[in-house]
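>>> Could you look at this predicted model? Sequence included:
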Amino acid sequence: MLELEPQATSHAHTNAVTSHPKRISAVYAGRAPLQSAFLQSRWDYCQPAHGMIAQQLTESRCTSSSCAHPMSKRQKPERPLLERLGGRYLGAGKFSPAAAEDPIHVLNPVERAGLLRVTRGAVLRAALAGAINAAATGLGALFAAHVLGHEPEHATWQQHVSYWGLFGVLALIAAVLEIAYLYWDGLRAVRALSLVAGLQLDSTENLDVRYALARAALELPNPPDVTFGVNPHREASRFTLATASLVYKLKVSVTNFVFKAFVERAIGRLATRSVLAFTAIPINAAWNALVCWFVLREARIRVMGPSAASEMLDVIFAGEPAPSPALLTAVHRALGAAVVRTSELHPNHLSLMRELRQRFGEPLAGVEVDDTRAFLQSLAQLTLAERRTALRVLTVAAILDGRLVKRERRLLLEAYEAASITPALDHVELLRKAFVSGDPILGHELLASAS
C-alpha cells in the first residue's frame, strides 16, 4: 500500500490535513483571503486593498487602486441554473460526515464498504429507471400505432403525422420524467457518497467543491473559461470538441438503432412491431447503469482531489522550501500544460492551482502559464533537483483528474526527455490507480516519478 510519509518542511504552510484529516475544509484553512479576492472581483467598484487581493483587483479592473469605474470585463460568469440548483440541494439539510483518522483521499475499509453500498444502490436504481422509461416508450408506440389502422404499411401521410405527433408527446413525457429522476437520485447519491468520505458539504470553504460535485451528478461540463491564466482549449480543435460532444449525446439513440436492426435481422418475421417496440429496454438500462457508475466515480475523485493535492505538494516541496522564480514559473506552466493537453480544467486542477498560489504566490507578470512549448523549453534551464520537482508536479496534475489520456502521456514523455530524466510512465500509471482507488500514497513512491 502507498502512504504519504510525514516530511519536515521549513516553509510557513501548515498541513491542515494532519490537524483535521477528514475535513476537506481544513485543506482550505487559511485561504479566506484568497477566496475574498475572488469574491471582490465581482464588486461593481474598486476598493483599496493590499497584497494579493490588491493585485487581483487591479488586474481585473484597472491600474489604480482608487478606480471608480464599474467593472466591465473579466467578471466571473454566473453559474448555470442547473448547477446552482444542484449546489443548493447538496448544501441543504443536516450533515454528519463520517469521522476517521486518515485524510479524505485515503479510504479505509469502512469507507470503502459505504461507498460501494451507495454506488450499487444508485446504479441499480438508474438501470431500473432506464428500463421503465423504455417500457413506457414502447407502450406509447403501440398505443399510437392504432392511428395507423390495421395495415400500417398503407397508412396515409396524415396518419403518419398523427402517429409521430402522439408518440412524440408520450415519449417526451417519459424521457422528462426519467431525466428528472436520474438528476435527483444522482444528487442524492453524490451527497451520500460525500458524507461517507467525510466531506462537509455545507461548509463555505467547500463551496467550489460542492458545485463541482453538482456538475458531476448532473453530467454538466466543466467551465471552459480562462482561469488563473489557463485556457483549457488553447490547443484543442473545435471540430474535435464538437464531434466528441455529439457522439456522447447520440450514444443511446445510435445503440438502440443498431440493436433494433440486429434483433430484426436475427429473428426475421418474428420481429413484429410489438417486439421491436421493447428492444430498447436492455439498452436503456445498461446505458443508465454505466453512466451512473462513471458519474459516481468522478464524484469520488472530486471529493478526494483537494486533500490529495495538499499532501502531495507537501511531499514534493519538502526539499524546496524557497523555490526559485524559475522553478515556480516551470511549476505553474507544468500544471497549465496538463490542463491544456486534456482540453479541460478539472476541479482538482483548480484546487492544485489555488494551493500553489496560496503557498508561493502568483506567477511572474507576463508569464503564459498555459504555454506547453515554453514549459518544455524551460526545463533545460533548471538544475537537476528543480527539474525533478517540476516533473513531480506535472505527475500530480496528470493523475489528479483520475485519467491519463494519450496527449498527457505524450506530454510526460516530452517533459522527461527535455529534463534528461528517465521516463517513468508505468510508475505514473500506478500512482493514478492508487489515487483513484483511495489507496494511501507513500512519499517515496511519489518522488520516484522523477528520480
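Noted; the coordinates are in hand.
>>> Give the next helix or strand downstream of the lengthiest helix in the chain.
Counting by DSSP state H, the longest helix found in the chain is helix 157-197. Next helix or strand after helix 157-197 toward the C-terminus (DSSP states H and E): helix 207-217.
>>> what's in contact with that following helix?
Helix 207-217 is contacted from outside by 24, 79, 82-87, 89-91, 183, 186-187, 189-190, 194, 199, 201, 220-222, 295, 298-299, 302-303, 306, 347, 350-351, using C-beta atoms under 8 Å, 6 or more residues apart in numbering. All C-beta atoms are positioned from the backbone trio N, CA, C, and that covers glycine.
>>> Counting neighbours, what do you get for the closest residue to residue 89 other than its chain neighbours?
Using C-beta to C-beta, 6 or more residues apart in numbering and skipping the chain neighbours, the partner closest in space to residue 89 is residue 187 (5.2 Å). By other C-beta atoms under 10 Å, 21 other residues sit near residue 187.
>>> on that earlier part again, just the angle between the longest helix of the chain and helix 207-217, please?
140 degrees (axes from the mean of the first three to the mean of the last three C-alpha atoms, to 10 degrees).
>>> helices or strands next to helix 157-197 in the packing?
With contacts taken as 3 or more C-beta pairs under 8 Å, 6 or more residues apart in numbering; DSSP states H and E, helix 157-197 sits against helix 81-91, helix 109-144, helix 207-217, helix 280-316.
>>> Same list, those, but as CSV with mean neighbour count, mean pLDDT and distance to residue 374 please.
Below are the helices and strands packed on helix 157-197 laid out as CSV (neighbours: other C-beta atoms under 10 Å; pLDDT from 0 to 100; distance: least, C-beta to C-beta, whole Å):
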stretch, mean neighbour count, mean pLDDT, distance to residue 374
helix 81-91, 17, 90, 33
helix 109-144, 18, 92, 41
helix 207-217, 24, 92, 28
helix 280-316, 22, 92, 21
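>>> Show me what counts as buried in stretch 147-154.
Buried residues in stretch 147-154, counting neighbours by 16 or more other C-beta atoms under 10 Å, are found at 147-148.
>>> CA atoms of it as PDB?
What follows is stretch 147-154, C-alpha atoms only, in PDB (Å, rounded to 0.1, in the frame of the first residue of the first chain):
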ATOM      1  CA  VAL A 147     -54.000   5.700 -35.600                       C
ATOM      2  CA  LEU A 148     -52.200   3.900 -38.500                       C
ATOM      3  CA  GLY A 149     -55.100   1.500 -38.900                       C
ATOM      4  CA  HIS A 150     -55.000  -2.300 -39.400                       C
ATOM      5  CA  GLU A 151     -52.500  -2.000 -42.300                       C
ATOM      6  CA  PRO A 152     -49.800   0.500 -41.200                       C
ATOM      7  CA  GLU A 153     -47.900   0.000 -44.400                       C
ATOM      8  CA  HIS A 154     -50.800   1.500 -46.300                       C
END
